[in-house]
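Enquirer: Quick one, fold the following:
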Amino acid sequence: MGIRHLVGALTIYALAGSVQTGAQEPLVTHKSLAPAIALDLAQAALADCQQRGYQVAVAVVDRFGVIQVVLRDRYAGPHTPATASGKAWTAATFRNSTSNLFSISQPGMMQAGIRTLPGVLIIGGGLVVESAGTLVGAIGVSGAPGGDADEACAKAGIESIQTKLDF
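Expert: Presented below is the predicted three-dimensional model:
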């Protein structure tokens, strides 16, 4: 009799679990940057760097880190497109700015190991792009004289499109 009760209880739990699982939506939706907005973002960041006298490359990725736009100023170094893309990918996938990741992943800190992950580029200049608190993409800038200058250009680019994202 004890086995019958156990089997009955397990059957009820299994059925209850399958009902809860069945209640989930089969598809999920998400927000992502439209190509025109991604291009506007990249162009605004590039223009800001040009006004500051910096020759840079700018990359914009979607929320998953997939490249949408890469722009390179004519005299920016040959390494800058890949570096900008790496910064944008890192910001998107970790959902954090690369300068913040730099500060929390110093040798000896708990997150130091993220520096050794494939594709991760922890140098200032990568920022997340959000709309109403939701990650929609990221931007990376490379070629200015320091990560803080790269980040300033990226921030100017985001500010130029933020009103479009908030509606």
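
Enquirer: Give the closest residue to the most centrally placed residue in the chain in space, chain neighbours not counted.
Expert: In the chain, the C-alpha nearest the mean C-alpha coordinate belongs to Ala92, at 1.1 Å (C-alpha atoms, centre = their mean). With sequence-adjacent residues excluded and distances taken as C-beta to C-beta, 6 or more residues apart in numbering, Ala92 is closest to Ala138, at 3.7 Å. C-betas here are computed from N, CA, C, even on glycine.

Enquirer: Please list all residues in contact with that neighbour.
Expert: Residues in contact with Ala138 (C-beta atoms under 8 Å, 6 or more residues apart in numbering) are 60-61, 63, 65, 88-89, 91-92, 126-129.

Enquirer: Between the two ends of stretch 113-129, how far is it?
Expert: End-to-end span of stretch 113-129 (C-alpha to C-alpha, to the nearest Å): 25 Å.

Enquirer: Return the set of buried residues in that stretch.
Expert: Buried residues in stretch 113-129, counted by 16 or more other C-beta atoms under 10 Å: 120-129.

Enquirer: that's a strand at the residue nearest to Ala92, yeah?
Expert: Yes. Secondary structure assignment (DSSP: H, G, I helix; E, B strand; the rest coil) places Ala138 inside a strand.
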